[in-house]
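*Asks:* The sequence and its predicted three-dimensional model are supplied below.
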Amino acid sequence: MTTIVVDAQRIGHPHWPVPEERRTVTVLFADIVGSTALVDRLDPEDVRALQRAYFDTVAGVLHRWQGVVEKYVGDAVMALFGARHSDGFDAYRAVRAGLEIQAALDRRPTVGGTRLRVRVGVATGEVMVDLGSAVDGGHGVASGAVITTAARLQEYAPPGAVALCASTARATAGLITQRQLTPVSVAGRVPPVPVWHAVGPVRPGADRHEGPLIGRRRELATVRDQLSWAIREQNPRWISLVGPTGSGRSRLLHELTRGLTTVDGSPVRWCVATCQPYPDQVLAPVAELLRGLAGVRHGDGPAAVHDRLVAALTPVFPPARVAAAVTALQRLLITPDDSAAALAGAAIFRDVLLRLAAHRPLIVAVDDVDRSAPAVSGFLHALFSAATARGLPLAVVTLHQPQWADSRPGPARRLTIGPLATVQSGRLLRHLLTRAGQPVALVDRLLPLVGGRPGHAVAYVASVVDGADPVALPLPEAVRRAVGAELDQLNGERRAVLMAAGILGGVVSGATVDRALGWAAGRSAPALRGLAAAGLLFPHRAGGHVFATPALRQVAAERLPRALRAVFTRRAADAPRLDAVPPTGFPAAARAAVSGSAARGAKVVRLDAVRSRDGRLDAVLAAPPSDSTVLPGGRVPTPTMAAPPGAPTRGTNRPPGSRRLRAVASAGDVPPTQVSATPTNAGGHWLPDVNRSPAAIRAVPAVPGSAGRGAPTGVGTSPGELRAVPRPPLIRRPDGLAASA
């Protein structure tokens, strides 16, 4: 039986300042096959018993997979996944629930010799959700065309099957085995709708990591040093690699397993597992560790599993213990649940790891540990404590998202995986585009969108390969799901503040947010500080905050209904903008360069037109002012990735209207570099929505490993010329570790 692990922090949010949201949800629609004929031929008491068995089974499965039953329509059940909270796997949970409903009904005893057959349709799309009513039985919780799509899909599913729409199939690719069918004609839909059938969950496999590692050398060296020290000194060390989805945690672990193979001539043994979303059994990651250690493959027969376990245990156990240990470990592999037999097998496996570490250095790594059950953390804690007591050359590496909290025992170290620098993001995009056969000139279009996250870069390039318009590039579905899950980790007030900030854009002050939300002065300040501490906002030198990634701003803004967008914009219209006033304390030349508020265009210079040996870009910027865009009727456009928001981002945070020199990468060029005469703060954030005098800007090539952030300008230069010198990246060392590339 599948055990669903629920984070208590995700449930029971306080008062929600924004009562309704536009959300992407997954809808499950289940209906009994031939219910009218059944009712006609059965006795009313049998009909009642049949319906009770059906509804109890379906509701029980939906609750365990965190689905919300929105309504019962005759014999049909409609449920929502992601209506109030999304973890990024709403479609996966809905499909798993549909498959389990079919299996559970097949196991139910027949009523009056009648076996129920059910069709299930699952569709994913945007709806308007009433958050206050997103509980079981809340009729009218969601409104949108996706509800009708789910109902139509189940009509085309064979009895006992689960039909998926295209969006659901994409969201569950790699997690659910699917079979595409011939498109079907649905009333009111042209052309025919593509349909997939869900077959079952995909067994976990190792992620493919191709191409060179770009950036992360500092983090890689830091973790290698920590692990080598733990092995050399025989002093166990627990290291947590922490970063949001798409930050490159898994790739960093992959490079560690490839690069750290010996310490002082002693070979290092790695034991690695990845936690799948909602594993079928609570100890499944522990069983994966055992499979990797013993070389057991999925699909191996009992004899092959026995032989591999015997070969792995013979060097560490006396012959008298091998047979009993192999039997217990086989049970753990077959049924890694929380039963006494499985827990006994886990205890034996822990003893095996300790014995192996006594003869050869051992590193145990678990990726996405925040998806696992508490039993996995308990296993790792017990292993680490025993190794520490014995002074063994053993280390534990865990990878998880920032919001996951776990008490790490002993001398634990936490390494935060920050965004890539601008130059590194450009190199990564150029590599991905070249490998995909796409024009390298797209680097300039994609660079402001990826926000320094390698996963976002991969998703955008994949969307271009799949045919997305590079000029009006939509937010990839994978990025939207991941960013939406980050947003849903927040409580009500922080979410409201982030959504209001997404509509306002630019450098957002607490006073402006308070005015937009209709709050008392100062109420949003704690929420803004909390969002900055969580890495979702960056403090700005002029005061206020900017978004960490463009995708976060877009998702936050698009969550708001149109009416609320208009209200927030109207309320904040009279508030002073921080990005229109240059801060004090700058040199006179810099203050003159940032005075004014009219937006200007950017001059684009291709790198292949510049001498690479000289390494300097000289340009005179003299573009005329441009007017801001206003839609008919005075409406303010929603920020989209086709028109990147004005909010600056780390490494690529120049506003779209500011005067700057952009170097566009082409085949064989160095990574894209952007240079501006605008002063920066200590974190490298640029002042948006400002004018700059037509002064020549001279860029000095970045030193190796530089994050590409600008140094203070106007120092040691002649009048009328500003010199931007890249500075080394800002390094934070929480718990003694470097925190950025």
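*Replies:* Everything's here; your move. Nothing here was measured: the structure is a model prediction, and the numbers come from that model.
*Asks:* Quick check: closest non-adjacent residue to G248.
*Replies:* Spatial nearest neighbour of G248, chain neighbours left out: P454 (4.4 Å); criterion: Cβ to Cβ, 6 or more residues apart in numbering. Where C-beta positions appear, they are placed from N, C-alpha and C, glycine not excepted.
*Asks:* Counting neighbours, what do you get for that neighbour?
*Replies:* When neighbours are defined as other Cβ atoms under 10 Å, P454 has 27 of them.
*Asks:* quick one: contacts for it?
*Replies:* 214, 246-248, 251, 420, 428 (Cβ atoms under 8 Å, 6 or more residues apart in numbering).
*Asks:* Would you state the strands of the stretch 401-550 of the chain in chain order?
*Replies:* 412-416, 537-539, 545-547 (DSSP state E, counting those that start in this stretch).
*Asks:* how about TSV for those, with mean neighbour count, mean pLDDT and distance to L62 added?
*Replies:* What follows is the strands of the stretch 401-550 of the chain, written out as TSV (neighbours: other Cβ atoms under 10 Å; pLDDT from 0 to 100; distance: least, Cβ to Cβ, whole Å):
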stretch	mean neighbour count	mean pLDDT	distance to L62
strand 412-416	20	87	37
strand 537-539	21	91	36
strand 545-547	28	93	35
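*Asks:* looking at those, which is closest to A496?
*Replies:* Within the strands of the stretch 401-550 of the chain, the stretch nearest A496 is strand 537-539; the backing value is 14.0 Å (Cβ to Cβ).
*Asks:* Counting by contacts, list what the closest one packs against.
*Replies:* helix 525-533, strand 545-547 (3 or more Cβ pairs under 8 Å, 6 or more residues apart in numbering; DSSP states H and E).
*Asks:* export these to a markdown table and tack on distance to V202?
*Replies:* Shown next, in a markdown table, are the helices and strands packed on strand 537-539 (distance: least, Cβ to Cβ, whole Å):
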| stretch | distance to V202 |
| --- | --- |
| helix 525-533 | 35 |
| strand 545-547 | 34 |
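*Asks:* Deepest-packed of the ones you listed, please.
*Replies:* Highest mean neighbour count of those: strand 545-547, a mean of 28 (counted as mean count of other Cβ atoms under 10 Å).
*Asks:* Show me where the stretch 51-200 of the chain dips below the pLDDT cut-off.
*Replies:* Applying pLDDT under 70 to the stretch 51-200 of the chain flags residues 110-113, 132-140, 187-190.
*Asks:* 90 instead, please
*Replies:* Applying pLDDT under 90 to the stretch 51-200 of the chain flags the ranges 51-54, 70-76, 83-85, 105-117, 129-142, 152, 155-158, 181-193.
*Asks:* same thing with the stretch 251-400 of the chain?
*Replies:* 276, 278-281, 298-299, 338.
*Asks:* Show me where it has its helices.
*Replies:* Using DSSP state H, counting those that start in this stretch, the helices of the stretch 251-400 of the chain run over residues 284-294, 302-313, 319-334, 340-359, 374-390.
*Asks:* For the last one, enumerate the helices and strands it packs against.
*Replies:* Here helix 374-390 touches helix 284-294, helix 340-359, strand 362-367, strand 394-400, going by 3+ Cβ pairs under 8 Å, 6+ apart.
*Asks:* Between these, which one is closest to H85.
*Replies:* Here strand 394-400 is closest among the helices and strands packed on helix 374-390 (Cβ to Cβ), at 18.3 Å.
*Asks:* Adjacent strands (with direction) for that closest one?
*Replies:* strand 237-242 (parallel), strand 362-367 (parallel) (DSSP bridges).
*Asks:* Tell me what angle that strand forms with helix 340-359.
*Replies:* Put simply, strand 394-400 runs at 130 degrees to helix 340-359, going by axes from the mean of the first three to the mean of the last three Cα atoms, to 10 degrees.
*Asks:* What angle do helix 374-390 and strand 394-400 make with each other?
*Replies:* Per the same axes, to 10 degrees, the angle that strand 394-400 makes with helix 374-390 is 150 degrees.
*Asks:* ok so, going back, among the helices and strands packed on helix 374-390, which is the most enclosed?
*Replies:* The most buried one of the helices and strands packed on helix 374-390 (mean count of other Cβ under 10 Å) is strand 394-400, showing a mean of 26.
*Asks:* related to what we said a few turns ago, of the strands paired with strand 394-400, which approaches P448 most closely?
*Replies:* strand 237-242 (25.5 Å).
*Asks:* So which bits of that closest one are buried?
*Replies:* For strand 237-242, the neighbour count (16 or more other Cβ atoms under 10 Å) marks 237-242 as buried.
*Asks:* List of residues touching it?
*Replies:* 223, 226-227, 229-230, 249, 252-253, 384, 395-402, 408-417, 737.
*Asks:* still on that earlier bit, in a markdown table: the strands of the stretch 401-550 of the chain, plus distance to F379.
*Replies:* Formatted as a markdown table, these follow (distance: least, Cβ to Cβ, whole Å):
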| stretch | distance to F379 |
| --- | --- |
| strand 412-416 | 16 |
| strand 537-539 | 37 |
| strand 545-547 | 39 |
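*Asks:* Out of the strands paired with strand 394-400, the one nearest N491 is which?
*Replies:* It is, among the strands paired with strand 394-400 and with distance given as Cβ to Cβ, strand 237-242, at 20.5 Å.
*Asks:* How far away from the center of its chain is that closest one?
*Replies:* 19 Å (Cα atoms, centre = their mean, to the nearest Å).
*Asks:* Kindly report the same for stretch 270-277.
*Replies:* Here stretch 270-277 shows a centroid-to-chain-centroid distance of 18 Å under the convention Cα atoms, centre = their mean.
*Asks:* Touching that stretch from outside, list them.
*Replies:* So stretch 270-277 is contacted by 87, 89, 92, 175, 204, 206-207, 250, 253, 257, 284-286, 288-289, 292-293, 353, 362-372, 376 (Cβ under 8 Å, 6+ apart).
*Asks:* Of all the residues in that stretch, which ones are buried?
*Replies:* In terms of neighbour count (16+ other Cβ under 10 Å), stretch 270-277 has its buried residues at 270-276.
*Asks:* between the helices and strands packed on strand 537-539, which one is nearest to G125?
*Replies:* strand 545-547 (25.5 Å).
*Asks:* just checking, A53 touches R108?
*Replies:* Yes: the pair A53 / R108 is scored as a contact, 5.7 Å apart, by Cβ atoms under 8 Å.
*Asks:* which residues are common contacts for those two?
*Replies:* Listed contacts common to A53 and R108 are L116; contacts here mean Cβ under 8 Å, 6+ apart.
*Asks:* And D75, how close does it get to D488?
*Replies:* From D75 across to D488, the span is 32 Å (Cβ to Cβ, to the nearest Å).
*Asks:* cool, R565 as well?
*Replies:* Distance of R565 to D488, computed by Cβ to Cβ: 20 Å.
*Asks:* One more: H85?
*Replies:* For H85 relative to D488 (Cβ to Cβ), the value is 5 Å.
*Asks:* do F384 as well
*Replies:* 32 Å.
*Asks:* just for the stretch 451-600 of the chain, where's the confidence low?
*Replies:* 469-472, 489, 491-493, 504-506, 518, 533-535, 540-543, 563-564, 567-600.
*Asks:* how about 70 then?
*Replies:* Under the criterion pLDDT under 70, the flagged ranges of the stretch 451-600 of the chain are 575-600.
*Asks:* Can you lay out the helices and strands packed on helix 374-390 as a markdown table showing distance to G301?
*Replies:* As requested, those are exported to a markdown table (distance: least, Cβ to Cβ, whole Å):
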| stretch | distance to G301 |
| --- | --- |
| helix 284-294 | 14 |
| helix 340-359 | 19 |
| strand 362-367 | 27 |
| strand 394-400 | 32 |
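*Asks:* Counting neighbours, what do you get for R179?
*Replies:* Residue neighbour count, defined by other Cβ under 10 Å, stands at 12 for R179.
*Asks:* returning to that earlier point: distance check, the residue nearest to G248 against L446.
*Replies:* P454 sits at a distance of 12 Å from L446 (criterion: Cβ to Cβ).
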